[in-house]
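Visitor: sharing a sequence plus its predicted fold:
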Amino acid sequence: MDGFESLKNNRSLTPHLIVMDMSMPCMTGIEPRASIGRVAAAQASCFRRHNFNAFCGISEIGLPKGSLMVIDSNNPPSRQSKSQNHPRTREQSGSRRTRPSSSNRKATDTQDSAGASGKTDSFAMKQLNERLQKSKEFMEDIVDTIREPLVVLTEDLKVRYVNVSFLKTFSVNRWETEGKMLYDLGNHQWDIPKLRTALQEVVSKDAPFSDFEVEHELPRLGMKTMLLNARRITDIHGDRPMILLAVEDITERKREIKDLRVLCNALPQLVWIADPTGARFWYNQRWYEYTGTTLEQMLGWGWRSVHDPESLPDVMERWRESIATGKPFEMVCRVRGADGAFRPFLTRALPTFDSNGRVDRWFGTNTDISEQRKAEVALQQANSNLETRVKERTAELERRTSEVLVQSAQLQELSVHLMHAQDDERRRISRELHDSLGQYLAHAKMSVESLRRADAPEEERQSFSRLVDTLDQCLTETRTLSHLLYPPFLDEVGFSSAAKWYVEGFSERSGIQVNVNIPHELERLPDALQLALFRILQESLTNIHRYSHSQSAEIEVELSTHEIRLQVKDYGQGIPPEILERFKSSGSGSGVGLRSMRERIIELGGRFDLQSDKNGTLIRATAPLSAPTGTASDKQRAESRRTQINEAFEFIRALKQSL
């Protein structure tokens, strides 16, 4: 145990052996000598020393008269008279001590027993000397384990003793130090007038000192910084003052502190350090530059003078809470600069703890966030402006969308009107071809046949035959054109029969084998739906004949409860991938036919699917059996109307050319 706590225990315990460290952090071992001397129950009292002569001199300091220092916790002897039992084993100052030989011990025993009263006293003295020698060796081993360098000086500042730590720390030998003057050691690094004066006052005035800093270039070690502590002690006789000097090498500590300060001064933040109570005692250079203050003004709680008075109560409340709980502190504080302006700083403080878990330091930083706050304000303003512009653009977009919807509705009406007009025109032209031109051609044929004579020359008869054949061909083409424009069966018998009739005529004209699969239970469909399906079927077969070069095709109609699906498949060369991709993405690049098919089915609220590769093309059109008007989106309807208008114009242009 160490220090004042040990002294307290000595009063309540009965120790066999008291061992004290001469380099205790709070005392040198000399202060408690009186207290130890008053421990009457102690069998032995001892100060740790390496030098036995110094040990003998120090060991009796403060002990009551007649007491004896004995180190033997197993079999401690009773206290005896110092004059009767204490041996003298002093050596020459500065010489290396060695273990006494047996002959020396015998000679000593003989001399000491000369004045004794009998063999009993001689034997006791011999035992005592042996115990003292063992105690000396024991204490030397203890002192060698002390990390701090220790030096014992005489009153004239001659080195009486140095411990092993001193030898290792300063890379010297014992013969280079012991017996020499302190200020002659090494390259005279200890020859410091202030130090010499302080050491002399330790002896003359009993004025101990501590934390005396020495910085010097040492041989083989370079520049070193040391802290010195010194106390006055007395030798074994109690009449010669001596000095106990403790040395602490703080070179690395000073270098680390210097590096830390350089680092802190290089930071753009304001850095400070506070004690456990929250009082600040150090600031970096940046703090003084920003606040225009000095250390004297800022020591302790002076930092409050540069804080915004309005927010200072909140800052103090939070800071005291962190001090009380040991929790990190973080808060935005307004700190006044040298120009008098307050700026926002993000203040953070973290505690460090000692070995007992208590706060021993607070390390804090203040980071200027004024630019960040300006950026936040600018960002908020930009967001506000953006929201305003978005609202304006949204209103403009809604207005334009409304106009587009109106135009789309108008376009839809026009498209529907044109589509109906197109179908009506086709129906009228078909009827005119069938009823007028067909009748005229039939009448012309009959008139020509009535003019044929049996006795007419062969050449005349052949001319009449060719004329009749031409009229027959005109009648056939007129009937076919009439049916293509608007199949008469569609209104009369419905989609199923009209589709079969058209496919049969298509196969005869094109030579393409077409398989048709239409359910027998298919009933009559709504006029708009069956017309759309027929036009898709018609356009699909036309494309197969023009572009696919397929020798066969398949047509299948699937019927469910709520919808009908028409599929047309060929086995030709397919649609080029780039055209197919453009059609699927934007509906362009494929001509009027495919767009017309898609828009017709979308107008009915259905779906149009196109698949094509090198093995052929599949067209699939699906529509509800009772498609309500307007089920498609506005955009789809508008696009459908435009496609149908284009289709109508193309048809009218082609019809004019053919007529």
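Guide: Done, it's in.
Visitor: can you list the domain ranges for the chain.
Guide: Residue ranges for each domain of the chain read 4-114, 150-249, 254-368, 487-628, as given by automatic domain parsing.
Visitor: who wins for proximity to Glu392 among these?
Guide: Comparing these against Glu392 with CB to CB, the closest turns out to be domain 487-628 (30.3 Å). Quick note: C-beta positions are derived from backbone N, CA and C, even for glycine.
Visitor: can you name the residues in contact with the host helix or strand of Asn265?
Guide: Assigned by DSSP states H and E, Asn265 belongs to helix 251-266. Helix 251-266 has contacts (CB atoms under 8 Å, 6 or more residues apart in numbering) with Met223, Lys224, Thr225, Met226, Val271, Asn284, Gln285, Arg286.
Visitor: and for the closest residue to Asp609 other than its chain neighbours, the neighbour number?
Guide: Counting by CB to CB, 6 or more residues apart in numbering, Arg620 is the residue found nearest to Asp609 once chain neighbours are left out, at 4.3 Å. Look at Arg620: counted by other CB atoms under 10 Å, it has 18 neighbours.
Visitor: surely Arg620 is in contact with Leu566?
Guide: Yes - the pair Arg620 / Leu566 is scored as a contact, 7.4 Å apart, by CB atoms under 8 Å.
Visitor: before we move on, the earlier item: CA atoms of the helix holding Asn265 as CSV?
Guide: This file holds the C-alpha atoms of helix 251-266, laid out as CSV (Å, rounded to 0.1, in the frame of the first residue of the first chain):
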residue,chain,number,x,y,z
THR,A,251,10.5,14.3,-23.1
GLU,A,252,7.9,12.2,-24.9
ARG,A,253,5.1,13.8,-23.0
LYS,A,254,6.3,17.3,-23.9
ARG,A,255,6.7,16.3,-27.5
GLU,A,256,3.2,14.9,-27.6
ILE,A,257,1.7,18.0,-26.0
LYS,A,258,3.6,20.2,-28.5
ASP,A,259,2.4,18.1,-31.5
LEU,A,260,-1.1,18.2,-30.2
ARG,A,261,-1.0,22.0,-29.8
VAL,A,262,0.4,22.4,-33.3
LEU,A,263,-2.3,20.2,-34.6
CYS,A,264,-5.0,22.1,-32.8
ASN,A,265,-3.7,25.4,-33.9
ALA,A,266,-3.7,24.2,-37.5
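Visitor: ok, back up a step: can you put the contacts of helix 251-266 in a markdown table and add neighbour count and pLDDT?
Guide: Shown next, in a markdown table, are these (neighbours: other CB atoms under 10 Å; pLDDT from 0 to 100):
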| residue | neighbour count | pLDDT |
| --- | --- | --- |
| Met223 | 10 | 83 |
| Lys224 | 19 | 83 |
| Thr225 | 16 | 86 |
| Met226 | 21 | 84 |
| Val271 | 21 | 94 |
| Asn284 | 21 | 93 |
| Gln285 | 15 | 92 |
| Arg286 | 18 | 92 |
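Visitor: of these, which belong to strands?
Guide: Mapping the contacts of helix 251-266 onto strands (DSSP state E) picks out Met223, Lys224, Thr225, Met226, Val271.
Visitor: quick check: His188 vs Val202, distance?
Guide: Taking CB to CB, to the nearest Å as the measure, His188 falls 20 Å from Val202.
Visitor: nope, Asp259 is what I was after
Guide: Asp259 sits 34 Å away from Val202 when distances are taken as CB to CB.
Visitor: who's more crowded, these two?
Guide: Higher neighbour count among Asp259 and Val202: Val202, with 23 against 10, using other CB under 10 Å.
Visitor: find the helix or strand that that one is a member of.
Guide: Using DSSP H and E, Val202 maps to helix 193-204.
Visitor: what's the first helix or strand after that helix?
Guide: Of the helices and strands lying after helix 193-204 in sequence (DSSP H and E), the nearest is strand 209-218.
Visitor: quick one: that next one to helix 251-266, angle?
Guide: Orientation check (axes from the mean of the first three to the mean of the last three CA atoms, to 10 degrees): strand 209-218 against helix 251-266 gives 90 degrees.
Visitor: for strand 209-218, packing partners?
Guide: For strand 209-218, the elements it packs on are helix 193-204, strand 222-234, judged by 3 or more CB pairs under 8 Å, 6 or more residues apart in numbering; DSSP states H and E.
Visitor: strands paired with it, and their directions?
Guide: Strand 209-218 has the following sheet partners, assigned by DSSP bridges: strand 222-234 (antiparallel).
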